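>>> below is the structure, and that's it, no one-letter string:
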């Protein structure tokens, strides 16, 4: 009578040992560690907006980080207000299309984007205002400041026609 229960003990131990191991052959402890949630991601670095509004009622809908605003002169001596920003988490093409939509909402007509060194150049015009010019370029050409930046946008408005923003 005692022989039958003794035969069942090794069989029960064998079954128990097989059930404790995961199907991958990894120890149960490793499988539990892999299933444990990882540390929460670090908070995103906030993007800095421009201190003053862009000229001509332009508001930007795409994520960007303001870098600088300065008055520059072109070869002909005309003054321009140049707004330099980094576009975040996008491609140069998508940033260009978003900028074109934003400029259209402000009443500008967009010219055809011209491919330029991995990026784009677009001219905008609005009756009674003049023209604005945008250059969008990928990250490879610039030292970026924001960790999510994918490239740079330079948007220039005529200084005489727009509001001059402080740098």
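Cool, the structure landed. As the structure is a computational prediction, the values presented were derived from the model and not from experiment.

>>> quick one: residues contacting the residue most central in space within the chain.
With distances taken as Cα atoms, centre = their mean, the residue of the chain nearest its centroid is residue 89 (1.5 Å). Counting by Cβ atoms under 8 Å, 6 or more residues apart in numbering, residue 89 makes contact with 63, 148, 150. Every C-beta, even on glycine, is put in place using the N, C-alpha and C of the backbone.

>>> residue 85 is in contact with residue 69, correct?
No: the criterion here is Cβ atoms under 8 Å, and residue 69 misses it with residue 85 at 9.5 Å.

>>> so the two - more neighbours on which side?
residue 85 (28 against 19; other Cβ atoms under 10 Å).

>>> surely residue 68 touches residue 51?
No: Residue 68 is beyond contact range of residue 51, at 10.7 Å (criterion: Cβ under 8 Å).

>>> returning to what we had before: just the pLDDT for the residue nearest to the centre of the chain.
Listed pLDDT for residue 89 reads 94.

>>> over to residue 45?
81.

>>> any idea how far residue 95 is from it?
As judged by Cβ to Cβ, to the nearest Å, residue 45 and residue 95 stand 18 Å apart.
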